[in-house]
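Novice: turn this into a model:
(one chain, ligands or ions: 3)
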Amino acid sequence: MIIIKTMMLGLIRGRMMSVMAGRALTALPRSKARLLTSHQSQHLHSASSSCQKCELTSKRYNVQRGKFSAVSEHDLKFFQELLGSHRTVLGEEELEGHNTDWLGTVRGASSVLLKPKTTEEVSAILSYCDQHQLAVCPQGGNTGLVGGSVPVFDEVIVSTALMNQVESVDTWSGVVTCQAGCILEALDQHVAEYGLMIPLDLGAKGSCHIGGNVSTNAGGLRLLRYGSLHGSVLGVEAVLASGEVVNCLSAMKKDNTGYDLKHLFIGSEGTLGLVTKVAINCPPRPAAVSLAFLGLQSFDNVLKTFKAAKDQLGEILSSCEFIDQSSMECVEGNLKIKSPLDEYPYYMLLETSGSNGDHDEEKLNNFLESTLGSGLVSDGTVATEPSKMANIWALRERIAEALILDGYTYKYDISLPLPHFYKLVEDMREHLGSNVVRCCGYGHVGDGNLHLNFTSRQYEKEILERIEPAVYEWTSQVNGSISAEHGLGFKKRNYIHYSKSLGAINLMKQMKKLMDPNGILNPYKVLPD
Ligand code: FAD
Ligand code: MLT
Ligand code: ZN
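Specialist: Numbering: from 1, shown residues only. Ligands and ions are numbered 1, 2, ... in the order given. Here you go, the predicted structure:
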């Protein structure tokens, strides 16, 4: 059965709206409200709404503007004729939230934001920009954490905010096909009506767009169970810089006809094409979910507990996350939310999901009995009620938000072999000493993905220079990756060589030249200067 239903998925900033057929749900202007995760809805704004405007990226990082044209009255006339004036957004105040990233750490100076609704409109915009040498910054929910989603200079912002239609749900094979601007959480609620789930979940789900997720190859909280988007995304439709539409929107699980071009758009952060539609493989929604929250005395115990969880929980383990004490202090202190456990040096969240609650409960109880009994785990609590699980998840998912309340966040997203995992936090803590307010680690330990963060009251170049390239050198020495899931965007592009060979970087440059010969798509991002 294939259900073809045109639906518009949207949200009021930070608050999920129910999915309604045939009606677009409006969003508050970005200048008035920051993007929020659904957890954040009652609580926070983020950096750029609450603080002074941050310095322009071009100035802070001393960037040379590419040889692009500036948007002229003539260009605006073309955009207005194509989209109408309400979908051609102008004005500094209106664009403020689109020029600044979620962290409030990078800021561009675009003067025009375009809101296409269809692939044809995207194609007309890109073809025009390419012919007139206008640079473009594709933007989804603007929750990216590496400065990729906002312009560096005056690039035309092309937002997918109004491309929020679900085209079809194939309930036999479990595949949803939709436009790129569907908000992740709304899309997940939509497929839930058919007993399915989107195999990706992350703290920014209430704001990020599925096209942004695909373009960053976002990882999130359940990659351990469902794998990366390179596996879950079955098809992509994208528009090249020239305006040519590349239709690789296959919804087949198997399709070996030639080069699998969709992978070029997954994780290329808007530098090779603008993703307009995606087809995603959706697993059945689990009938039973449980969440264990554990306190542990050492990182070694964290690793042994992960290993025991894999061995004993097997196929029902759906997430394995960790939080260190400093991160927990931040989330409790800055957001005033309370952990159900006493203080421990480390915490873990272990989620199980499956089709038989009794079976899963028995397995989880046996696992907890053995790990508590052996002393691997010092304390723990289990939740099965959705509201209780959400409270525990908030402790983990809201750390990013809590950190920005310290002032400025220096954010690192590293893949490491597990034996080296927490040592990087300890070494950097020692290296930075009292220069920083906080040095903390949390993340997707089950995937070997550490989120290493430092904060200071405000941005300080000297602190950045103490962190970089030290953190990348450390990572490269143990054959880790300097970006596990956030991408390279603007901030990390010049460090790509720590994780990729010269040959690989050169091939990437050739691919960029082939697909975007004039370099208009998201310049200053991903590839090094
Ligand atoms: P944006 O931020 O708007 O854009 C991100 C990049 O993709 C930019 O380079 C942009 O130019 C490009 N882009 C956007 N849309 C398109 C398109 N349609 N076509 C081509 N290029 C496009 N990330 C994770 O991987 N895992 C996490 O667990 C996670 N948790 C987060 C929690 C919080 C609280 C926050 C704020 C962020 C988190 N992120 C996480 C980072 C971020 O949410 C992801 O990178 C997300 O996939 C970005 O989606 P977006 O729609 O906001 O994209
Ligand atoms: C997370 O897992 O919470 C996100 O990737 C955001 C972050 O790194 O802080
Ligand atoms: Zn993450």
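Novice: residues contacting Thr371?
Specialist: 294, 305, 308, 377 (C-beta atoms under 8 Å, 6 or more residues apart in numbering). (C-beta placed from N, C-alpha, C; glycine too.)
Novice: out of the residues you listed, which is nearest to Asp324?
Specialist: Nearest to Asp324 among the contacts of Thr371: Leu294, at 13.3 Å, using C-beta to C-beta.
Novice: look up how far Glu401 lies from the residue in the stretch 51-200 of the chain positioned nearest to ligand 2.
Specialist: Going by C-beta to the nearest ligand atom, ligand 2 is nearest to Leu145 of the stretch 51-200 of the chain, at 6.1 Å. Distance, Leu145 to Glu401, by C-beta to C-beta, to the nearest Å: 12 Å.
Novice: now Thr119
Specialist: 34 Å.
Novice: what's the burial count for the residue nearest to Tyr226 when sequence neighbours are not counted?
Specialist: Using C-beta to C-beta, 6 or more residues apart in numbering and skipping residues adjacent in sequence, the residue nearest Tyr226 is Pro199, 3.5 Å away. When neighbours are defined as other C-beta atoms under 10 Å, Pro199 has 22 of them.
Novice: nearest residue to the closest residue to ligand 2 within the stretch 351-500 of the chain other than its sequence neighbours?
Specialist: Distance from ligand 2 to each residue of the stretch 351-500 of the chain (C-beta to the nearest ligand atom) is smallest for Ala400, at 3.3 Å. Closest residue in space to Ala400, ignoring its immediate chain neighbours: Gly203 at 6.4 Å, by C-beta to C-beta, 6+ apart.
Novice: that neighbour contacts Ala394, correct?
Specialist: No. The criterion here is C-beta atoms under 8 Å, and Gly203 misses it with Ala394 at 9.2 Å.
Novice: does at least one residue of stretch 124-136 sit close to ligand 1?
Specialist: No. Stretch 124-136 does not reach ligand 1 (C-beta under 6 Å from any ligand atom); its nearest approach is 9.0 Å.
Novice: out of Thr119 and Glu401, which sits in the busier spot?
Specialist: Glu401 (25 against 19).
Novice: measure the more buried one to ligand 1 for me?
Specialist: Counting by C-beta to the nearest ligand atom, to the nearest Å, the gap from Glu401 to ligand 1 is 6 Å.
Novice: immediately after the helix or strand where Glu81 lies, which helix or strand?
Specialist: Using DSSP states H and E, Glu81 maps to helix 73-83. Going down the chain from helix 73-83, the next helix or strand is strand 88-90, by DSSP H and E.
Novice: show the pLDDT at the residue nearest to Ala400.
Specialist: On pLDDT, Gly203 comes in at 98.
Novice: what about it, which helix or strand?
Specialist: Using DSSP H and E, no helix or strand contains Gly203.
Novice: helices of the stretch 251-400 of the chain, start to end?
Specialist: 262-265, 299-313, 325-335, 357-373, 386-397, 399-404 (DSSP state H, counting those that start in this stretch).
Novice: single out the most deeply packed of the ones you listed.
Specialist: Ranked by average neighbour count under the criterion mean count of other C-beta atoms under 10 Å, the helices of the stretch 251-400 of the chain are headed by helix 399-404 at a mean of 25.
Novice: same for it, what does it pack against?
Specialist: helix 325-335, strand 408-415, strand 438-444, strand 449-456 (3 or more C-beta pairs under 8 Å, 6 or more residues apart in numbering; DSSP states H and E).
Novice: do the last one and ligand 1 meet at all?
Specialist: No. Contact of strand 449-456 with ligand 1 is not found when judged by C-beta under 6 Å from any ligand atom; the minimum separation is 8.4 Å.
Novice: quick one: contacts for the residue positioned nearest the centre of the chain?
Specialist: The centre of the chain sits closest to Ala218, judged by C-alpha atoms, centre = their mean, with a distance of 5.0 Å. For Ala218, the contact set (C-beta under 8 Å, 6+ apart) comprises 200, 202, 208, 212, 229, 485.
Novice: relative to Val106, how far out is it?
Specialist: Taking C-beta to C-beta, one finds Ala218 at 19 Å from Val106.
Novice: how about Leu184, nearest residue that isn't a chain neighbour?
Specialist: Per C-beta to C-beta, 6+ apart, closest to Leu184 is Lys205, 4.4 Å.
Novice: mind checking the SS state of that neighbour?
Specialist: Three-state assignment for Lys205 (DSSP: H, G, I helix; E, B strand; the rest coil): coil.
Novice: pretty sure it contacts Leu187?
Specialist: No. Lys205 is beyond contact range of Leu187, at 9.2 Å (criterion: C-beta under 8 Å).
Novice: which of the contacts of Thr371 sits closest to ligand 1?
Specialist: Once C-beta to the nearest ligand atom is applied, the member of these that ends up nearest ligand 1 is Leu294, at 20.0 Å.
Novice: contacting residues around that closest one?
Specialist: Here Leu294 is in contact with 305, 341, 347-350, 371, 377-380 (C-beta under 8 Å, 6+ apart).
Novice: out of those, which comes closest to Asn518?
Specialist: Nearest member of these to Asn518, counting by C-beta to C-beta, is Leu349, at 46.2 Å.
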